[in-house]
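Asks: Quick one: sequence plus predicted model below, questions after.
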Amino acid sequence: MISSTILNNGIRVVSQRIEHMHTVSIGIWVANGTRHESPEINGVAHFIEHLLFKGTSRRTARQIAMEIDSMGGILNAFTSHEYVCYYAKVLAKFLPRVTDLLSDIFLHSSFPADEIERERKVILQEIKMRDDSPDVFIHDQFHQSFWLGHPLGLTIPGSVETVSALSRDHIIHYKQSRYRPKDIIISAAGNIRHEELIALMESSFSDMISDWASRSEAPAPHAGLRVNLSERDLEQTLICMGTNGLSQGHPDRFAQYLLSTILGGGMSSRLFQEIREKRGLAYSIYSYIISHADCGALVVYAGTEREQCREVIDIVLQEIAALKREPVLQDELDSAREQLKGNFLMSLESSDNLMTRLAKNEIYLGRNQTVDEVLACFDAVTTADVQKLGCELFDGASFNLEVMGKTDGLGLTAEVLHF
């Protein structure tokens, strides 16, 4: 059973009761992330995410860590381009304790100056660790390039330069202005009663206010044809290529999930079978979807030998052209459909996944999308729908290609993306 309440100040509280579960997962979500930063303070949302665990007027950083450990629980956070989440997972009997802990760090973090400097060093190491992991870094590079010149192109952790320059005043001002009741969702799932959750949250959050006025956001730009080569001394040549995709709430998003799954979503996908199984050109080859509130991308990734880079790119483009040219077979569509439905249903067996789903439905849809509704949307997609969407997305005008490795002499230009 899913229940929802809006507090007097606009904070949304949504929960799902699963009586047979032993655990409760609870998250405090803020619908503001990296895309709401300016380039000068890029990384501030992620910096705040780190700092909220570094002490309040009631608890030191060590006491916070010891308290969650004493419950045998998990306490963590993450930042995306469009939201930040602070969450915990504990046994259901610890709900009052964990809500007190989460509320304290969210509302009363003190941002000690010494902790800011200590955590700044940690984040700078995080940035360097990302840069030292090419198979991670290339996806960030693609995202930056695809939305070049727009806040969506900013990196989540920021750069060494921006993080080094962030002051305590920058951090406090951003939190005070951006952590607004109207943008906060408290979601919980597991063995929990909604009335108990509301009672706990009202006592902590009912006095929270913000008079900050929202500013209009520029729509995400339409990506143009672009090729970026990053020369690095790697054993493999890494490839990320993609085109415009759909937004989180787009009515055709279920057809897009199926399109991506058929193209590169598993061991039976066309790219896996052709590039890895048939030709042995790559160990890792897959497609994935990036979805934001107003835009998205459908991306293919592969790691291969330098000499085989062009061949892999050509095969990807050939498979994309085939999806436009001919409808997929019904058996292929049905197999992909069952794969996605199965993955979706299995994810519902975890309280943290349920909690996340509740919050994202609120952020992107403004309502709960039932399980039956999701399954029906998958079932409604036809082979004609997949082909039609493929023709729309793979129009050839918006492909971006990111290649990392020993790229000198490969001769990769925008011409290779024509098909």
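Replies: All right, it came through fine.
Asks: Under a three-state scheme, what state does residue 16 occupy?
Replies: Following DSSP: H, G, I helix; E, B strand; the rest coil, the label given to residue 16 is strand.
Asks: Chain neighbours aside, what residue packs nearest to it?
Replies: residue 189 (4.4 Å; C-beta to C-beta, 6 or more residues apart in numbering). In short, each C-beta sits where N, CA and C put it, glycine included.
Asks: Tell me if I'm right that the one you found and residue 354 touch.
Replies: Yes. When contacts are counted by C-beta atoms under 8 Å, residue 189 is listed as touching residue 354 (3.6 Å).
Asks: what about those two, which has more around it?
Replies: residue 189 (29 against 22; other C-beta atoms under 10 Å).
Asks: Which other helices and strands does the helix or strand hosting the more buried one contact?
Replies: Element membership of residue 189 [criterion: DSSP states H and E] is strand 184-190. Contact analysis of strand 184-190 by 3 or more C-beta pairs under 8 Å, 6 or more residues apart in numbering; DSSP states H and E lists strand 12-17, strand 23-30, helix 194-205, helix 351-360 as its packing neighbours.
Asks: If you count contacts, what does the helix or strand residue 390 falls within end up packed against?
Replies: If you go by DSSP H and E, residue 390 is part of helix 383-393. Other helices and strands packing on helix 383-393, by 3+ C-beta pairs under 8 Å, 6+ apart, are strand 237-245, helix 253-264, helix 309-325, helix 330-347.
Asks: right, so of those, which gets closest to residue 373?
Replies: Residue 373 sits nearest to helix 253-264 of all those, at 10.5 Å, using C-beta to C-beta.
Asks: The closest one vs helix 383-393, what angle?
Replies: Going by axes from the mean of the first three to the mean of the last three C-alpha atoms, to 10 degrees, helix 253-264 is angled at 80 degrees with respect to helix 383-393.
Asks: and the very next helix or strand once past helix 253-264, how far from the chain's centre?
Replies: Using DSSP H and E, the helix or strand that follows helix 253-264 towards the C-terminus is helix 270-271. Its chain's C-alpha centre and that of helix 270-271 lie 24 Å apart, by C-alpha atoms, centre = their mean, to the nearest Å.
Asks: Can you give the contact residues for helix 270-271?
Replies: Outside helix 270-271, the residues that touch it by C-beta atoms under 8 Å, 6 or more residues apart in numbering are 262, 263, 264, 285, 286, 287, 300, 302, 315, 316, 319, 322.
Asks: how about stretch 221-237: buried residues?
Replies: By neighbour count with 16 or more other C-beta atoms under 10 Å, stretch 221-237 contains the buried residues 223, 227, 228, 230, 234, 236, 237.
Asks: Go ahead and confirm residue 201 touches residue 186.
Replies: Yes. Under the criterion of C-beta under 8 Å, residue 201 lies in contact with residue 186, with a separation of 5.7 Å.
Asks: Overlap in contacts, the two.
Replies: Common neighbours of residue 201 and residue 186 (C-beta under 8 Å, 6+ apart) are 11, 13.
Asks: Tell me which of those two has more neighbours.
Replies: Legend: neighbour count by other C-beta under 10 Å for residue 201 and residue 186, higher for residue 186 (29 against 22).
Asks: Please report phi then psi for residue 71.
Replies: phi -100, psi 0 (degrees, to the nearest 10).
Asks: Double-check it against residue 91; I have them as touching.
Replies: Yes. With contact defined as C-beta under 8 Å, residue 71 reaches residue 91; the gap is 7.0 Å.
Asks: Any buried residues in stretch 136-155, and which?
Replies: For stretch 136-155, by 16+ other C-beta under 10 Å, it's 137-147, 150-155.
Asks: Then stretch 27-44?
Replies: Quick answer for stretch 27-44 (16+ other C-beta under 10 Å): 27-37, 41-44.
Asks: sorry, back to before: so what's the residue nearest to residue 16 up against?
Replies: 15, 16, 18, 24, 25, 351, 352, 354, 355, 358.
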